[in-house]
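Chemist: The amino acid sequence is not available; the structure is as follows:
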């Protein structure tokens, strides 16, 4: 009889624990806050960090830069746990740059046709390592990456 009572107490405790975890998960959206290297929000932030300045610089010169992450080339190199159950990811991916000319700028159109061999868009890819650090400071995560500069793009064009 005592053994049955103890078993029922353990089952009741487990049920309470599962209920509390489920309620916390629902209230704080814990399930949707899982990060990874291929999370679309992370990719957008990575593109902004790596190419934001370059986009503005090229637009002033008469060029449009479209960027994308090639998900098939994205890999998680390492995941470290930090404080409060958060994680730090080390990732690697390929960023694709599509450089085209502003439609009313004849000089930039000629330049693109010249470097892209009579196509309307020059395509370049860059490998980048980046880290994602989860935090509780008003944002959900931070993304660190090296920027792609105009010199990087020029060296790719010259190849």
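Modeler: Thanks, I have the structure now. Keep in mind the model is a prediction, meaning the values are calculated, not measured.
Chemist: Okay, and the beta partners of residue 95?
Modeler: Beta-bridge partners for residue 95, by DSSP bridges, are residue 69, residue 126.
Chemist: How many residues are close by it?
Modeler: Neighbours of residue 95 under the rule other C-beta atoms under 10 Å: 22. The C-beta positions use only the backbone N, C-alpha and C, and glycine is treated the same way.
Chemist: Report the buried residues of the host helix or strand of residue 90.
Modeler: Counting by DSSP states H and E, the element that carries residue 90 is strand 87-101. By 16 or more other C-beta atoms under 10 Å, the buried positions in strand 87-101 come out as 88, 89, 90, 91, 93, 95, 97, 99, 100, 101.
Chemist: wait, doesn't the third one sit right on residue 131?
Modeler: Meaning residue 90. Yes: look at residue 90 against residue 131 with C-beta atoms under 8 Å: they come within range, at 5.4 Å.
Chemist: Residue 124 is in contact with residue 156, correct?
Modeler: Yes: using C-beta under 8 Å, residue 156 is in contact with residue 124, at 4.3 Å.
Chemist: quick one, helices of the protein?
Modeler: 2-28, 40-60, 106-115, 150-158 (DSSP state H).
Chemist: can you list the ones you listed in a markdown table and add mean neighbour count?
Modeler: Output for the helices of the chain, formatted as a markdown table (neighbours: other C-beta atoms under 10 Å):
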| stretch | mean neighbour count |
| --- | --- |
| helix 2-28 | 10 |
| helix 40-60 | 16 |
| helix 106-115 | 15 |
| helix 150-158 | 13 |
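Chemist: As a markdown table, those helices with mean pLDDT and distance to residue 84 would be great.
Modeler: Formatted as a markdown table, the helices of the chain follow (pLDDT from 0 to 100; distance: least, C-beta to C-beta, whole Å):
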| stretch | mean pLDDT | distance to residue 84 |
| --- | --- | --- |
| helix 2-28 | 74 | 13 |
| helix 40-60 | 90 | 19 |
| helix 106-115 | 84 | 49 |
| helix 150-158 | 86 | 37 |
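Chemist: Could you dump those helices into CSV and include distance to residue 135?
Modeler: Shown next, in CSV, are these (distance: least, C-beta to C-beta, whole Å):
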stretch, distance to residue 135
helix 2-28, 15
helix 40-60, 13
helix 106-115, 41
helix 150-158, 29
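Chemist: Please identify which of those is closest to residue 82.
Modeler: helix 40-60 (16.4 Å; C-beta to C-beta).
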